[in-house]
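*Asks:* let's see this in three dimensions:
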Amino acid sequence: MGIKLYKEPRLEKPNLIAAWPGIGNVGIIAIDTLREVLNAEEFGEIEPWDFFYPRAVSIKNGELKDLEFPSNKFYFKKIPARDLIFFIGEEQPAEARVPYAEGRKGYQMANLVLDIALKFGCHRVYTSGAAVAPIHHTTKSRVWVVPNRQELMDEVKGYENAILMSDIEGRVSQGSITGLNGLLLGVAKKRGLAGICIMGEVPIYLQGLPLPYPKASKSVLEILTKNLGIRIELKGIEDMVEQAERRIEDFYQRLPSEVREQLDRLKYGTYAEPRLITEDDQKRIMEHIDELFKKGKQDDKRTF
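*Replies:* The predicted structure is shown next:
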């Protein structure tokens, strides 16, 4: 188990930006889009053997050539403001059939990622993921932020279209971040690195479906690029948002009218108001959505 470096670039106090798949693939879409637009160069990876089972075997000319594992790669980009290191993981190292990293494997991977951060003199760590929220898919996703140091509070409170996770109605100044997004931030704190988790809002009724939600990724990207002093062209992610919204709206219109009426109330709500949808309402809605999704796959084999 370990890290394989192809080269050791000379970097000036870089920031580390890390992402893995999750709900709506919010973080991975945002961070990988930034990596791609900046044309960051691959320079290393975490070896997969102790974290993942092989996904497949590759065969060429009848001969078994290799095992295929999820990749977990490092990239770098030198920029005028402050250099960047990207860590992009195709999968989180889960245990006991839990979809998100936790326990020994998650802790080991978080430390390996931070070994690279410290080796190259990282200044700060950013992670990104999804925040499941009582919003409608036609509204702009806000961003929930969680810093791992008190001295970062004033900074994150100044982010546009953002709110501290602890300030969300009903959380009573507490909350949790599942998977490596939270674990990496916590381990970074233990190892003396400042860090911020940036999470884009995903409608609560889409959380269980295999739908990408690039609208939230765009909100994350807007905050991240401004904070890093980077200007990029957002057309690529805007095209993704448009395509995803067509698929979501098609799915939404296939819901029973009484379910849509309940969900439409989310268009006009605020966190300060009493719950617009009760827990019982939410349970019934999710049952309808799950039933429709399963039926849709059986009827027309379309994947939402």
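*Asks:* hey, where'd the helices end up in the stretch 51-200 of the chain?
*Replies:* 103-119, 153-157, 179-190 (DSSP state H, counting those that start in this stretch).
*Asks:* for the shortest one, which positions count as buried?
*Replies:* Residues of helix 153-157 classed as buried by neighbour count (16 or more other CB atoms under 10 Å): V156. In this view, the C-beta of every residue, glycine as well, is placed from N, C-alpha and C.
*Asks:* got it, and the first one?
*Replies:* Neighbour counts over helix 103-119 (16+ other CB under 10 Å) mark K105, G106, Y107, Q108, M109, A110, N111, L112, V113, L114, I116, A117 as buried.
*Asks:* over to stretch 7-20?
*Replies:* Residues P9, L11, P14, N15, L16, I17, A18, A19, W20 are the ones in stretch 7-20 that count as buried (16+ other CB under 10 Å).
*Asks:* just the pLDDT at T270, thanks.
*Replies:* T270 is assigned a pLDDT of 53 by the prediction.
*Asks:* go on, Y107?
*Replies:* pLDDT, read off for Y107, is 86.
*Asks:* was I right to think it contacts G182?
*Replies:* No. Look at Y107 against G182 with CB atoms under 8 Å: they stay out of range, at 11.9 Å.
*Asks:* one step back: output the helices of the stretch 51-200 of the chain in JSON lines, with distance to L206 appended to each entry.
*Replies:* Formatted as JSON lines, the helices of the stretch 51-200 of the chain follow (distance: least, CB to CB, whole Å):
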{"stretch": "helix 103-119", "distance to L206": "25"}
{"stretch": "helix 153-157", "distance to L206": "26"}
{"stretch": "helix 179-190", "distance to L206": "18"}
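*Asks:* where do the strands sit along the stretch 151-300 of the chain?
*Replies:* Applying DSSP state E, counting those that start in this stretch to the stretch 151-300 of the chain gives strands spanning 162-164, 194-203.
*Asks:* count of neighbours near the nearest residue to N111 once chain neighbours are set aside?
*Replies:* The spatial neighbour of N111 that comes closest, neighbours along the chain excluded (CB to CB, 6 or more residues apart in numbering), is V187 at 6.1 Å. As a burial measure, V187 scores 21 neighbours (other CB atoms under 10 Å).
*Asks:* relative to P48, how far out is V187?
*Replies:* 20 Å (CB to CB, to the nearest Å).
*Asks:* can you say which of the helices of the stretch 51-200 of the chain is nearest to K78?
*Replies:* Nearest to K78, of all these, is helix 103-119, at 16.1 Å by CB to CB.
*Asks:* touching the closest one from outside, list them.
*Replies:* With CB atoms under 8 Å, 6 or more residues apart in numbering as the test, helix 103-119 has contacts from 1-3, 16, 18, 44, 46, 50-51, 72, 74, 85, 87, 89, 92-96, 100-101, 125, 179-180, 183-184, 187-188, 191, 193.
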